[in-house]
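Participant: need a structure here:
(4 chains)
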Protein chains: 2
Amino acid sequence: MRSVDDVEDLTSRARIRDTAISRFAVGGFGASIRTIAADAGVSAGLVMHHFGSKDKLRAECDAQVLATIRRLKRENVADAAANQSFFSKFAAAEENASLVGYILRSMQDGGPLAREFIDHMVTDAVGYTREGVAAGVIVPSRDEAARARYLTLSALGALLLEVTLDPPEDPADLAGIVRGYLTNSYLPMMELFTEGYLTSRSMLDDYLMYVPEPGASNS
Amino acid sequence: MRSVDDVEDLTSRARIRDTAISRFAVGGFGASIRTIAADAGVSAGLVMHHFGSKDKLRAECDAQVLATIRRLKRENVADAAANQSFFSKFAAAEENASLVGYILRSMQDGGPLAREFIDHMVTDAVGYTREGVAAGVIVPSRDEAARARYLTLSALGALLLEVTLDPPEDPADLAGIVRGYLTNSYLPMMELFTEGYLTSRSMLDDYLMYVPEPGASNS
DNA sequence: TAGCATCTTAAACATGCGTTCAGTCGACGA
DNA sequence: TCGTCGACTGAACGCATGTTTAAGATGCTA
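Facilitator: Below you'll find the predicted structure:
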């Protein structure tokens, strides 16, 4: 067992893993081991030799993607005033195309990485929102956790749906697709965030009559 | 070739097709023909005899689902003051569990049915929104089409993500899952719709400075 | 009754998959 | 120099899949 605590060595093992990430990102998790091996220029047997099974390879890819995202977040935590700002920059960067593709595939698949990624995203959103509310730039909510989750799921879900519905002919163009989606969504999103959607408070007030407790979110 | 213009006969052919819809809904489109045949209590060969190939079976299922949805929409067009109201009732009804599951799977898959369904949904949303704006209950937008698409994609995408992340142990409970999601999302949605999210207009105004034309949505 | 089209099945076929296996090659330590 | 160990390969295995095929059952028509 080699120590792989650092990401310094470009052993064939690591190269296969990174190739698998790219292949999974563009082709989905149904991609065959033989395809991945061919991409990496090795035999299918070697992949098995290194990782034991396809599931274990997948698990290592998940771990690698998660670690990379955490690192990118840490590096950009200064710039990112808001969660959304980080994701926009992150997803629109060409160099992260494989990462973004992998995460989108994971969301499509419902794997554990997707849940972890989204939970992390929601947690961060709660923090940033608290700061925004304290600073007076964000309207306070009766249930901050529910709002953070709702906004995160809406944004990521809409992006996922957009990409799934109109997949880029060249999968390497993922960053362009993401940028295009953000461009088209920005105006209605900003309108909704600053001007709202309904002119009357009646629907909200009616709901508040039924549910007096604002903190409890589960039924 | 029998004329199948009407949906009146409960022939074995139609029964197989409906079984396939249910099976696709709970198991995804990777479900095998043998599984579908077993569910319907027939042999795999008979499925091929009736439909020719799995793709053609899938196409007929798509058509059937789309036709059913159109019918349900037509029947409920009176009640549904808003698009969303229709979808809530539609998706929360136990009897439509297979339909909702099938559509969600189609969205996950990116099939042509999903695109058609969503386009239809967006078109309807544009119409209902226009009425709402005219009636003074909905805030007007600088790009009604973009807003309708944004809101529809957000709502459906969030639901899709929620179901994918936490799939119901019993797939027949889909209606319950949908209802639970709507319950958790209703408060933040209503808050956002009536009170907005940002306290300042600066982000919207900044954007409007860059993009003077409100009608053009494509770059 | 005979013939024919349709419904239906069991078995086989071809293919692609994840995985296993036997064995080759090269490096490195005793 | 020998022996061991890890990297690596090509072929094969077992399995599930979509599809094909031959044949049996059934009912309608002449």
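Participant: tally of neighbours for the residue of chain A found nearest chain B?
Facilitator: Nearest residue of chain A to chain B (Cβ to the nearest Cβ) works out as residue A:157 at 2.8 Å. Just so you know, the C-beta spots here come from the backbone N, C-alpha and C atoms, and that holds for glycine as well. The number of residues packed near residue A:157 is 25, by other Cβ atoms under 10 Å in any protein chain shown.
Participant: three-state assignment of it?
Facilitator: helix (DSSP: H, G, I helix; E, B strand; the rest coil).
Participant: spit out the contact partners of it.
Facilitator: Counting by Cβ atoms under 8 Å, 6 or more residues apart in numbering or on different chains, residue A:157 touches B:153, B:154, B:156, B:157, B:158, B:159, B:160, B:161, B:162.
Participant: and with 7 Å instead?
Facilitator: Residue A:157 is in contact with B:154, B:157, B:158, B:160, B:161, counting by Cβ atoms under 7 Å, 6 or more residues apart in numbering or on different chains.
Participant: of the residues you listed, keep whichever come out buried.
Facilitator: Burial by neighbour count, 16 or more other Cβ atoms under 10 Å in any protein chain shown: within the contacts of residue A:157 this picks out B:154, B:157, B:158, B:160, B:161.
Participant: JSON lines please, covering the residues you listed and showing pLDDT.
Facilitator: JSON lines is the format used below for the buried ones among the contacts of residue A:157 (pLDDT from 0 to 100):
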{"residue": "B:154", "pLDDT": "97"}
{"residue": "B:157", "pLDDT": "97"}
{"residue": "B:158", "pLDDT": "97"}
{"residue": "B:160", "pLDDT": "96"}
{"residue": "B:161", "pLDDT": "96"}
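Participant: the lowest-mean-pLDDT helix or strand in chain A and chain B in contact?
Facilitator: Within chain A, no helix or strand scores below helix A:83-92, which has a mean of 76 by mean pLDDT, DSSP states H and E. No - residues of helix A:83-92 contacting chain B under Cβ under 7 Å from any Cβ of the partner chain: none, with a closest distance of 10.9 Å.
Participant: so what does that helix touch, helix or strand wise?
Facilitator: helix A:54-76, helix A:112-135, helix A:174-195 (3 or more Cβ pairs under 7 Å, 6 or more residues apart in numbering or on different chains; DSSP states H and E).
Participant: which elements pack onto the last one?
Facilitator: Pointing back at helix A:174-195 there. Counting by 3+ Cβ pairs under 7 Å, 6+ apart, the packing neighbours recorded for helix A:174-195 are helix A:83-92, helix A:97-109, helix A:144-165, helix B:144-165, helix B:202-210.
Participant: looking at those, which is closest to DNA strand D?
Facilitator: Nearest to DNA strand D, of all the helices and strands packed on helix A:174-195, is helix A:97-109, at 17.9 Å by Cβ to the nearest atom of the strand.
Participant: tell me the mean pLDDT for that closest one?
Facilitator: Per-residue pLDDT values over helix A:97-109 give a mean of 95.
Participant: before we move on, what about stretch A:169-177?
Facilitator: 83.
Participant: report the buried residues of it.
Facilitator: Buried residues in stretch A:169-177 (16+ other Cβ under 10 Å): A:174, A:175, A:177.
Participant: report the separation between the nearest residue to the residue of chain A closest to chain B once chain neighbours are set aside and residue B:142.
Facilitator: Closest residue to residue A:157 apart from its sequence neighbours, by Cβ to Cβ, 6 or more residues apart in numbering or on different chains: residue B:157 at 2.8 Å. In this view, residue B:157 and residue B:142 are 23 Å apart by Cβ to Cβ, to the nearest Å.
Participant: quick one: is stretch A:12-32 near DNA strand C?
Facilitator: Yes - judged by Cβ under 7 Å from any atom of the strand, stretch A:12-32 comes into contact with DNA strand C through A:31, A:32.
Participant: got the contact list for that stretch?
Facilitator: Against stretch A:12-32 from outside (Cβ under 7 Å, 6+ apart): A:35-36, A:39-40, A:42, A:47, A:50, A:57-58, A:60-61, A:64-65, A:98, A:101-102, A:105, A:109, A:171.
Participant: show me chain A divided up by domain.
Facilitator: A:1-61, A:79-210 (automatic domain parsing).
Participant: which element is residue A:20 on?
Facilitator: Using DSSP states H and E, residue A:20 maps to helix A:12-27.
Participant: show me what the helix or strand that comes right after that helix is packed up against.
Facilitator: From helix A:12-27 onward toward the C-terminus, using DSSP H and E, the following helix or strand is helix A:33-40. Identification of packing neighbours for helix A:33-40 by 3+ Cβ pairs under 7 Å, 6+ apart yields helix A:12-27, helix A:44-51.
Participant: give the contact list for residue A:199.
Facilitator: So residue A:199 contacts B:136, B:137, B:138, B:139 (Cβ under 7 Å, 6+ apart).
Participant: good, we can wrap up now.
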